[in-house]
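Peer 1: kindly generate the corresponding structure for this input.
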Amino acid sequence: MGKKRKRNPQIAKERGERLKEEIRRIGLTQGEVAESLDMSLSGLTYLLSGRSQINRTMAYALEFKFNIGSDWILEGRGLRTPQIRL
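Peer 2: So this is what the prediction gives:
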């Protein structure tokens, strides 16, 4: 079984800021994003503010649903929009 990492407040805040920027870029409301991810608006707000940390599973969901690069959200590198959807 894998080790559970401690939450790093600075990393959580940076990830939340990148996600906020991408939500604005794609033109959705936070409510629309929360609903699409099947989470509460307050849960999304916690992620955006850095009170909760965006993990790899959430980053993959963002990539799949909104074409937001998971490496971009998690590390601030890589493609913001990794693939073209037809």
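
Peer 1: and the helices in the chain, which stretches?
Peer 2: Assigned by DSSP state H, the helices in the chain fall at 9-26, 30-36, 41-49, 56-66, 70-75.

Peer 1: quickly compare those helices and say which is most buried.
Peer 2: Of the helices of the chain, the one with the most neighbours on average (mean count of other CB atoms under 10 Å) is helix 70-75, at a mean of 19. Heads up, the C-betas are built off the backbone N, CA and C, glycines and all.

Peer 1: against which helices or strands is that helix packed?
Peer 2: Using 3 or more CB pairs under 8 Å, 6 or more residues apart in numbering; DSSP states H and E as the contact test, the elements touching helix 70-75 are helix 9-26, helix 56-66.

Peer 1: pLDDT of that helix, averaged?
Peer 2: For helix 70-75, the mean per-residue pLDDT is 95.
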